[in-house]
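K.L.:
Let's see this in three dimensions:
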Amino acid sequence: MKINGNEIRPGNIIEHNDGLWIAVKTAHVKPGKGGAFAQVELKNIRNGSKLNERFRSADKVERVRLDQKDQQFLYESDGMLVFMDSETFEQTEIPADILGDRRPFLQDGMTVTVEFYEEEALSCTLPEKVTCEISETEPVVKGQTAANSFKPAVLENGVRVLVPPFVGQGEKIVVNTETAEYVERA
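P.N.:
Numbering: from 1, shown residues only. The predicted model follows:
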């Protein structure tokens, strides 16, 4: 689908310079002399390189639509995450580093959203919230209920989070996968 250069929004995926790029930031600039343009910061989906590009309103760019499929996580092997389509039972491999800091939250059997471009798996989105068990934290101290006091805790997956003082070791909590923050007791 062709769109004008000034219609690019953050999160849009476009085909540019023979590659797939995601728009990270956009700023509309109207200089004193000359025509207006959109200053767009692009990130290459395949290799992670960045590029700053100017698009005038007359420039046409190809906007790419990604197909999203829910897939189940099976296992990790040689730095690749293996997912299975629950309808066709086809298996898909994605590099583990694509998840970055969110990798520890991926659990066996978890259903995630995998984005495809012409049969090529490009990215993977975890659920917004996951339930984890606390493997170690300080014991509950009676009377220590000052407003907004949090204590450090280590989850079963090795991630460190701050939890309220009433949460103890062995309890299950809900954690936000984007920010790695405590949400509530499970």
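K.L.:
so what strands line up beside the lowest-mean-pLDDT helix or strand in the chain?
P.N.:
Within the chain, judged by mean pLDDT, DSSP states H and E, the helix or strand with the poorest mean is strand 120-125; its value is a mean of 83. Strand 120-125 has its sheet partners listed here by DSSP bridges as strand 111-117 (antiparallel).
K.L.:
tell me the residue furthest from the middle of this structure?
P.N.:
Centroid-distance maximum for the chain: Lys33 at 39.7 Å, with C-alpha atoms, centre = their mean.
K.L.:
which residue is nearest the middle of this protein?
P.N.:
Thr125 (5.4 Å).
K.L.:
which stretches of this protein have low pLDDT?
P.N.:
The model of the chain has pLDDT under 70 over residues 141-147.
K.L.:
Tell me how many other residues crowd Phe83.
P.N.:
Phe83 has 24 neighbours, counted by other C-beta atoms under 10 Å. C-betas here are computed from N, CA, C, even on glycine.
K.L.:
cool, Val40 as well?
P.N.:
26.
K.L.:
returning to what we had before: surely the residue nearest to the centre of the chain meets Val112?
P.N.:
Yes. Applying C-beta atoms under 8 Å, one finds Thr125 in contact with Val112, separated by 6.3 Å.
K.L.:
coming back round to it: buried residues, the least confident helix or strand of the chain. List them.
P.N.:
Residues of strand 120-125 classed as buried by neighbour count (16 or more other C-beta atoms under 10 Å): Ala121, Leu122, Ser123, Cys124.
K.L.:
Stretch 165-181 too?
P.N.:
For stretch 165-181, burial by neighbour count (16+ other C-beta under 10 Å) applies to Pro165, Val167, Ile173, Val175, Thr177, Ala180.
K.L.:
domains for this protein, by residue range?
P.N.:
As recorded under automatic domain parsing, the domains making up the chain are 2-63, 67-125, 129-185.
K.L.:
returning to what we had before: what's the closest of the buried residues of strand 120-125 to Ala96?
P.N.:
Among those, Cys124 lies closest to Ala96 (C-beta to C-beta), at 9.8 Å.
K.L.:
What residues are bridge-paired with the closest one?
P.N.:
Beta bridges link Cys124 to Val114 when assigned by DSSP bridges.
K.L.:
And it, how close does it get to Thr177?
P.N.:
Per C-beta to C-beta, to the nearest Å, Cys124 is found 12 Å from Thr177.
K.L.:
ditto for Val112
P.N.:
As for Val112, its distance to Thr177 is 10 Å (criterion: C-beta to C-beta).
K.L.:
Report the beta-bridge partners for Ile94.
P.N.:
Under the criterion used here (DSSP bridges), Ile94 is bridged to Leu81.
K.L.:
so it sits right up against Phe83, yeah?
P.N.:
Yes. Applying C-beta under 8 Å, one finds Ile94 in contact with Phe83, separated by 6.9 Å.
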